[in-house]
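> Here's a sequence, model it:
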Amino acid sequence: MKWLVVLLFSLNFIEARAAIYDDGQDTHGGSPIIAEVMKVRDDLYIQAMNIPDFVLSGYPNLKDKLTSAVANAELRLEEELYWKGQRVLAINHPQASPPFIQINGPYWQESREDINLYKVVIHEYLFIAGWDDTTYVHSDKLIEMINIARVANPWYFIDYGINNKAVSFTNMVQIKEWLAKHRFEYQDFAASSLFRLTTSLSRIEDDRVKKGLFEGLLEMLTPKYYCSIHVSGVISELQRTSNTPLSRELLQLMNKKFKLDLAANSPVQCR
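Reported below is the predicted structural model:
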């Protein structure tokens with residue numbers, strides 16, 4: 001049995017102030033507190049499903065396990081809740097059948113303006129899903145990735161993956177499939193993402209990974225983006241570094257994509 005002591009979190013993640021259902025929606029047996037927990041949980045679940053698998057390599061089958069936890073874990077409202085003599089906000093019971101989470105109703109109501117409700121809820125459900133989140137390391141990472149998912153910008157996940165060594169040649173097919181799947185959803189960000197990648201190539205050791213990411217983002221663009229400031233910046237950066245074989249190869253990809261004939265030092269012509 002794991003427990004959660006209320007902390008007054010001062011976080012830069014999500015400013016969670018989820019409103020209690022008071023508009024006639026289902027309040028789970030009349031409890032607005034349980035309804036609020038469910039609302040936060042469901043929002044977290046939806047966003048978690050949008051996290052690309054390539055950055056979840058440290059969390060095998062996370063989506064399946066969270067799906068099971070959300071579907072099977074009961075929520076039980078308690079008048080008070082103590083663990084080893086200390087008043088606590090919630091206690092989860094992952095080994096019970098079915099698993100359940102107890103919520104200290106009065107304490108939740110007293111503390112809800114001072115705590116990050118999203119972090120509290122993901123913390124409890126991670127235990128149900130099989131992760132020991134006693135130190136909050138997993139909930140912190142999941143909240144960070146969920147925040148990125150809300151932005152719907154491919155660069156932020158690529159950047160996160162580079163920083164956390166989750167981007168490699170072995171999962172390049174997976175990454176490119178993810179980019180292709182979200183081509184139209186992310187298209188407005190693709191040009192800026194391509195520019196950011198081009199100016200960050202030195203952070204990636206493997207040229208195959210650099211080229212793979214470049215190809216994946218470039219494929220998202222349509223010819224109308226050629227004269228965008230970001231694409232012009234990509235071409236200028238590749239021309240600047242055209243003394244390297246990789247830059248020349250990437251410049252040729254741009255030539256092919258936009259049906260151009262850019263020499264290493266020719267200016268970008270927009271009509």
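> Point out where this protein drops to low pLDDT.
1-30, 261-271 (pLDDT under 70).
> domains of it?
2-148, 152-258 (automatic domain parsing).
> Break down this structure into its strands, ranges please.
Applying DSSP state E to the chain gives strands spanning 2-4, 74-78, 82-83, 86-87, 90-93, 100-104.
> could you say what helices and strands the second one packs with?
Using 3 or more CB pairs under 8 Å, 6 or more residues apart in numbering; DSSP states H and E as the contact criterion, the elements in contact with strand 74-78 are helix 32-48, strand 100-104. No exception for glycine: its C-beta is placed from N, CA and C like everyone else's.
> how about CSV for the domains of the chain, with mean neighbour count added?
Below are those laid out as CSV (neighbours: other CB atoms under 10 Å):
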stretch, mean neighbour count
domain 2-148, 17
domain 152-258, 17
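> ok, the most centrally placed residue in the chain - contacts?
The residue lying closest to the centre of the chain (CA atoms, centre = their mean) is Met145, at 2.8 Å. Applying CB atoms under 8 Å, 6 or more residues apart in numbering to Met145 gives the contacts 48, 51, 55-56, 157, 160.
> one more time with 10 Å
Going by CB atoms under 10 Å, 6 or more residues apart in numbering, Met145 touches 47-48, 50-52, 55-56, 59, 62, 156-157, 160, 164.
> can you list these in CSV and add distance to Ala129?
Output for the contacts of Met145, formatted as CSV (distance: CB to CB, whole Å):
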residue, distance to Ala129
Gln47, 15
Ala48, 10
Asn50, 17
Ile51, 14
Pro52, 19
Val55, 17
Leu56, 12
Tyr59, 9
Leu62, 7
Tyr156, 24
Phe157, 21
Tyr160, 21
Asn164, 20
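> Tell me which of those residues fall in helices.
47-48, 62, 156-157, 160 (DSSP state H).
> if we can go back for a sec, nearest to Ile175, of the helices and strands packed on strand 74-78?
helix 32-48 (18.6 Å; CB to CB).
> what angle do that closest one and strand 100-104 make?
130 degrees (axes from the mean of the first three to the mean of the last three CA atoms, to 10 degrees).
> Provide a list of residues in contact with the nearest residue to Arg203 once chain neighbours are set aside.
Nearest residue to Arg203, sequence neighbours excluded (CB to CB, 6 or more residues apart in numbering): Ile162, at 5.7 Å. Counting by CB under 10 Å, 6+ apart, Ile162 touches 197, 200, 203-204, 209, 213.
> now those as JSON lines including distance to Asn243?
Listed next are the contacts of Ile162 as JSON lines, based on distance: CB to CB, whole Å:
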{"residue": "Leu197", "distance to Asn243": "19"}
{"residue": "Ser200", "distance to Asn243": "19"}
{"residue": "Arg203", "distance to Asn243": "19"}
{"residue": "Ile204", "distance to Asn243": "18"}
{"residue": "Val209", "distance to Asn243": "21"}
{"residue": "Leu213", "distance to Asn243": "21"}
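> Out of those, which sit inside helices?
Within these, residues falling in helices by DSSP H are 197, 209, 213.
> List just the nearest of the residues you listed to Arg76.
Once CB to CB is applied, the member of the ones in helices among the contacts of Ile162 that ends up nearest Arg76 is Leu213, at 46.4 Å.
> Leu251 versus Ser242, what's the distance?
Note on Ser242: its distance to Leu251, by CB to CB, to the nearest Å, is 6 Å.
> Find the nearest non-adjacent residue to Tyr45, please.
Nearest non-adjacent residue to Tyr45 (CB to CB, 6+ apart): Val70, at 5.3 Å.
> er, Tyr156 I mean
Ile148 (4.5 Å).
> for Thr199, same thing?
Going by CB to CB, 6+ apart, Thr199 has Glu237 as its nearest residue, at 6.0 Å.
> Go ahead and confirm that neighbour touches Thr244.
No - contact criterion CB atoms under 10 Å: Glu237 and Thr244 do not qualify, at 11.5 Å.
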